[in-house]
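Undergrad: Dropping a prediction and its sequence here:
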Number of protein chains: 2
Amino acid sequence: MKKIIVELGDRSYPIYAGIDLLSKGNLLLENIRSKQIMIVSNTIVAPLYLETVMQALQGMALQGSAAEGLEINSVILPDGEQYKTLDAVNDIITALLDKRYGRTSCLVALGGGVVGDITGFAAACYQRGIDYIQIPTTVLAQVDSSVGGKTGVNHAAGKNMIGAFHQPRAVIADIAVLDTLSDREVSAGLAEVVKYGLIRDKNFFDWLEKNVEQLLNREAEALAYIIEQSCRNKAEVVAEDERESGLRAILNFGHTFGHAIETGLGYGKWLHGEAIALGMLMAADLSHRLGWITEEVIERIKQMLVKLNLPIALPDDLNPKNMRELMSVDKKAKDGVLFLVLLKGIGEAVVTDEFDEDLLMETLQHFSLVNVSPAERNS
Amino acid sequence: MKKIIVELGDRSYPIYAGIDLLSKGNLLLENIRSKQIMIVSNTIVAPLYLETVMQALQGMALQGSAAEGLEINSVILPDGEQYKTLDAVNDIITALLDKRYGRTSCLVALGGGVVGDITGFAAACYQRGIDYIQIPTTVLAQVDSSVGGKTGVNHAAGKNMIGAFHQPRAVIADIAVLDTLSDREVSAGLAEVVKYGLIRDKNFFDWLEKNVEQLLNREAEALAYIIEQSCRNKAEVVAEDERESGLRAILNFGHTFGHAIETGLGYGKWLHGEAIALGMLMAADLSHRLGWITEEVIERIKQMLVKLNLPIALPDDLNPKNMRELMSVDKKAKDGVLFLVLLKGIGEAVVTDEFDEDLLMETLQHFSLVNVSPAERNS
């Protein structure tokens, strides 16, 4: 088992990554300082793992005094980004109130990024803040969304517009659960892994290029390695800038484009990682048009996405004008000025508003035409 | 104009109290560091003061470079505690997104405690946290709810169950606006003023006993004095314990009883201050049954409430069993154990779970029978 610490003073917490951690009741209980535990999961994950986690906790409750008097309950949410709303937060809070859970209770997020974001935000808001721990069950959540304390839900007009910074008490990433994911979900999760290479870790990107097959085959050693490297990269950035006043913004590489795609298509059509993959390629394309990176770098990124079966063109129903409009709603806009994360090279990201608006439109244009034949273009 | 500072390191902020502050555009703008301003008010307050505030800001915008490029918009909420919900928060966020307001925008809460709590929570959540300032327009909000950074909304099953700690950038209390309040609202607001005397400031309580008439007549000097003293008391407590891990809990004196009354009756039947007034008397009664304060102290508190036209008995439709059940949902419950703020004397509050459950039931019984004739009691 690997252990990485996110260094945040009195809000520091451990990330554990390893095999079959879900059934380790002592690992869970070591990181929970409450007697009232509410596990939040969804209709896909709960049938697979809820029983395991509950039994692990109850097993400990039978064995030892540390677990005496534990109350363990659960809330099961519908699955999907379209349910990442204030209503879901309200459902969790209703469950907490039904069970008379107090200010010292603890939520456990058992699921992917959506479950983690909703649960974290419910924990941030319930009685103005209670503990929670993350048990991420997708690649995306294990390498990215469960770490760093960004929580929140979507608004009809924009992704993650309602939320809070609220750090978990611990993150427990069990590699064994990745076995039950679809290939599409694994690929989408790997998009965020590629991101860490592109924004700040060239060696990691090089390694990824050589190990794509092992990852797609879900070899445990390769998975353990990318979880560790991704979490280490993220933990370092978050430790330096918890509330995103500067450096942390580089973690949004590909996200302003990506969120526009997700909002434009309607939540749930593309997976988050798919939208981010294309968003990264678009940001790289704009960086190239600005003369900051070579054609060859773009090609390496594109090949990586192709090997991972990730999208490299916009869907038909999004045109450049839509996209541009949606991008200006993104959180990265400051006083109406759009800031983007762009590349100066592999492993070197910058946050900037110094890009030519015409070049941005060229990029948007380029990716909306990629899939269209020349005949259609002229029609 | 009085100025009191809430000392919270880099989250410190000023409270201004004085006459006709609403029309002072420079005072407002000095405390706003954003170009995008959204004023949140309600259907009662907006017709009275929204124009004044907007004109003050726009006047400054015409005059000076500091105000150049200001965008000023407003959202008007329905009036009343029953609208203090997640839906109202969502309405504010919809307005912010409609206007493409970014992460550096600022909300202005223009109204009573309900508007302030909702607006503060919307500010805490929008894009994971933006600035807000408080312009409280009721006694209650000026002396209590606008200060200290507690924000939030109600859940059907409990008051203020969804919220965040999020400090405003400034509080601007204009005494002139109190003129338009009903007598009932003024009295309800004075309940929280009495609270400061009871929990930590015996001299202030003595002063209040001598100056009830001046306050009910809304004499400016007396009002300025109680706002200053209340805010000073609150600022001192909040500075010591921002997130209520200890001392700050004494500010909830009367609130566990009071919230149970409000929840039991349905929001909006009694004013918050009315419920808190009776809650304080009930907490004092229990303190007396525990032998901690004399009958005479109870009588002083009761007389104060009577002079202020505040309730001293439970409404007919709440029985002791209801009340006890509702109290256990309160946030002050820890791992299922109920903590109450009780008195050891005037100006001396304690937070404790060391009270006899039977004595608590006696108190609840006592206040549900006060209004009932002996004949009815025996029927």
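TA: Now that the structure is in, tell me what you want to look at.
Undergrad: contacts and neighbour counts: CA atoms only from here.
TA: OK.
Undergrad: Would you mind measuring from A:Ala95 to chain B?
TA: According to C-alpha to the nearest C-alpha, to the nearest Å, A:Ala95 stands 10 Å off from chain B.
Undergrad: Equivalent analysis for A:Gly25, please.
TA: Going from A:Gly25 to chain B by C-alpha to the nearest C-alpha gives 21 Å.
Undergrad: Pull up the per-residue confidence for that residue.
TA: If you check A:Gly25, the pLDDT there is 86.
Undergrad: ok, the residue nearest to it when sequence neighbours are not counted - how many residues close by?
TA: Of all residues not flanking A:Gly25 in the chain, A:Ala56 sits nearest, at 4.3 Å (C-alpha to C-alpha, 6 or more residues apart in numbering or on different chains). Using other C-alpha atoms under 10 Å in any protein chain shown, A:Ala56 has 20 other residues around it.
Undergrad: check contacts around A:Ala56.
TA: Residues near A:Ala56 by C-alpha atoms under 8 Å, 6 or more residues apart in numbering or on different chains: A:22-26.
Undergrad: at 7 Å what do you get?
TA: Contact analysis of A:Ala56 by C-alpha atoms under 7 Å, 6 or more residues apart in numbering or on different chains lists A:23-25.
Undergrad: element containing it?
TA: Per DSSP states H and E, A:Ala56 falls inside helix A:46-63.
Undergrad: Report the mean confidence score over that helix.
TA: 88.
Undergrad: Buried ones in the next helix or strand along the chain from that helix, by neighbour count?
TA: Once helix A:46-63 ends, the next helix or strand along the chain (criterion: DSSP H and E) is strand A:71-77. Neighbour counts over strand A:71-77 (16 or more other C-alpha atoms under 10 Å in any protein chain shown) mark A:71, A:74-77 as buried.
Undergrad: Specify the local secondary structure of A:Arg243.
TA: Three-state assignment for A:Arg243 (DSSP: H, G, I helix; E, B strand; the rest coil): coil.
Undergrad: Skipping adjacent residues, who's closest to it in space?
TA: Nearest to A:Arg243 is A:Phe165, by C-alpha to C-alpha, 6+ apart, at 6.9 Å.
Undergrad: that older thread, could the C-alpha coordinates of the helix holding A:Ala56 be exported in PDB?
TA: C-alpha atoms of helix A:46-63 as PDB (Å, rounded to 0.1, in the frame of the first residue of the first chain):
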ATOM      1  CA  ALA A  46     -23.600   0.400  -4.200                       C
ATOM      2  CA  PRO A  47     -24.600  -3.100  -5.400                       C
ATOM      3  CA  LEU A  48     -20.900  -3.800  -6.000                       C
ATOM      4  CA  TYR A  49     -19.100  -2.400  -2.900                       C
ATOM      5  CA  LEU A  50     -21.500  -1.000  -0.300                       C
ATOM      6  CA  GLU A  51     -21.900  -4.400   1.500                       C
ATOM      7  CA  THR A  52     -18.100  -4.900   1.600                       C
ATOM      8  CA  VAL A  53     -17.500  -1.500   3.200                       C
ATOM      9  CA  MET A  54     -20.400  -1.900   5.700                       C
ATOM     10  CA  GLN A  55     -19.200  -5.300   6.700                       C
ATOM     11  CA  ALA A  56     -15.700  -4.100   7.100                       C
ATOM     12  CA  LEU A  57     -16.900  -1.400   9.500                       C
ATOM     13  CA  GLN A  58     -19.300  -3.600  11.300                       C
ATOM     14  CA  GLY A  59     -16.700  -6.300  11.600                       C
ATOM     15  CA  MET A  60     -14.500  -3.800  13.400                       C
ATOM     16  CA  ALA A  61     -17.500  -2.700  15.500                       C
ATOM     17  CA  LEU A  62     -17.800  -6.300  16.700                       C
ATOM     18  CA  GLN A  63     -14.100  -6.700  17.500                       C
END
